[in-house]
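*Asks:* make a model of this:
(chains A, B, C and D)
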Protein chains: 2
Amino acid sequence: MSEIEKIMDNLLQEMKRGTLVLTVLLNTDESRYGYSLVQSLQDKGVEIEQNTLYPLLRRLEKQNLLESSWDTSESRPRKYYRISREGRAIRDSLLKEWQRTNSLIETMLSPEDKI
Amino acid sequence: MSEIEKIMDNLLQEMKRGTLVLTVLLNTDESRYGYSLVQSLQDKGVEIEQNTLYPLLRRLEKQNLLESSWDTSESRPRKYYRISREGRAIRDSLLKEWQRTNSLIETMLSPEDKI
DNA sequence: TGACATTACTGTGCATCACACATTATATTA
DNA sequence: TAATATAATGTGTGATGCACAGTAATGTCA
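*Replies:* This is a model prediction of the structure:
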């Protein structure tokens, strides 16, 4: 991988980081378990790996943005996560901020701003 | 500051991080020096501090995404930065990725996705 | 039986920003 | 004249958080 590709990768990664939490919070209105979240996010075009998502889920639970419960009725036990009240508040704020930033970027693209 | 506010701050910060580089690259089509960039970005609603921007500018220069030149003709010397050819390529890719992510988020908000 | 899918968890390293601090010069005001 | 504000650039440290590279175990299908 060339130097410039490495730099590009880093920057893309950095950009993705900020959106991961929002993405998760936008997809846990219904209870979800880690593995299924990985699958469905990937289906939607969000590249996320297990070893990124699992620690993230646990962190969000610790911060009380997600609630969890085990389902042991099936053969393989699954840990289900669902967004909490606080999580919804955070999600909405993050969303607002995202949209604000998006407007800013659009503005920066507009012709009068480009000279 | 309450626990939840701290969490919120962290997340907002995290989200901002990924966009800083793009923001800078979108505002250096004309030569700019650090101080003026801070001012104009703040005017546009992008909160950025000197001690964040200056290291960032130097990093981007090191990565050849920005080019710099000193203007010593005025009383106070100023270091001007301008986006490079590689910088433009990176900027365009980042922008595409941003817009792609924005679409994803919009999709996640759509009713059929919310059950 | 062997390969692959499903499901969860962990430890280390690297990159980056925020915060605090430092430095110099000029302009303004007390 | 002294103090303060503004212009302008720089550095060092700490916290955070993801990616990468694993481990582990069960279920399914060829």
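
*Asks:* contact partners for the residue nearest to the spatial centre of chain A?
*Replies:* Nearest to the geometric centre of chain A sits A:L20, at 2.3 Å (Cα atoms, centre = their mean). If you count contacts by Cβ atoms under 8 Å, 6 or more residues apart in numbering or on different chains, A:L20 has them with A:I48, A:T52, A:L56. Yep, even glycine has a C-beta here, placed from its N, CA and C like the rest.

*Asks:* next, work out how far apart it and DNA strand D are.
*Replies:* 5 Å (Cβ to the nearest atom of the strand, to the nearest Å).

*Asks:* what do you get for A:E61?
*Replies:* Where DNA strand D is concerned, A:E61 sits at a distance of 13 Å (Cβ to the nearest atom of the strand).

*Asks:* which non-adjacent residue is nearest that residue?
*Replies:* A:S68 (5.3 Å; Cβ to Cβ, 6 or more residues apart in numbering or on different chains).

*Asks:* contact partners of stretch A:66-73?
*Replies:* With Cβ under 8 Å, 6+ apart as the criterion, stretch A:66-73 contacts A:24, A:28, A:31, A:33, A:57, A:60-61, A:77-84, A:87.

*Asks:* could you pull up the mean pLDDT of the longest helix seen in chain A?
*Replies:* Looking across chain A with DSSP state H, the single longest helix is helix A:85-109. Helix A:85-109 shows a mean pLDDT of 95.

*Asks:* same for it, what does it pack against?
*Replies:* helix A:3-25, helix B:3-25, helix B:34-44, helix B:85-109 (3 or more Cβ pairs under 8 Å, 6 or more residues apart in numbering or on different chains; DSSP states H and E).

*Asks:* can you list the weak-confidence ranges in chain A?
*Replies:* A:111-115 (pLDDT under 70).

*Asks:* residues from it in reach of DNA strand D?
*Replies:* Contact residues, chain A versus DNA strand D (Cβ under 7 Å from any atom of the strand): A:13, A:16-17, A:20-21, A:48-52, A:55-56, A:59, A:75-76.
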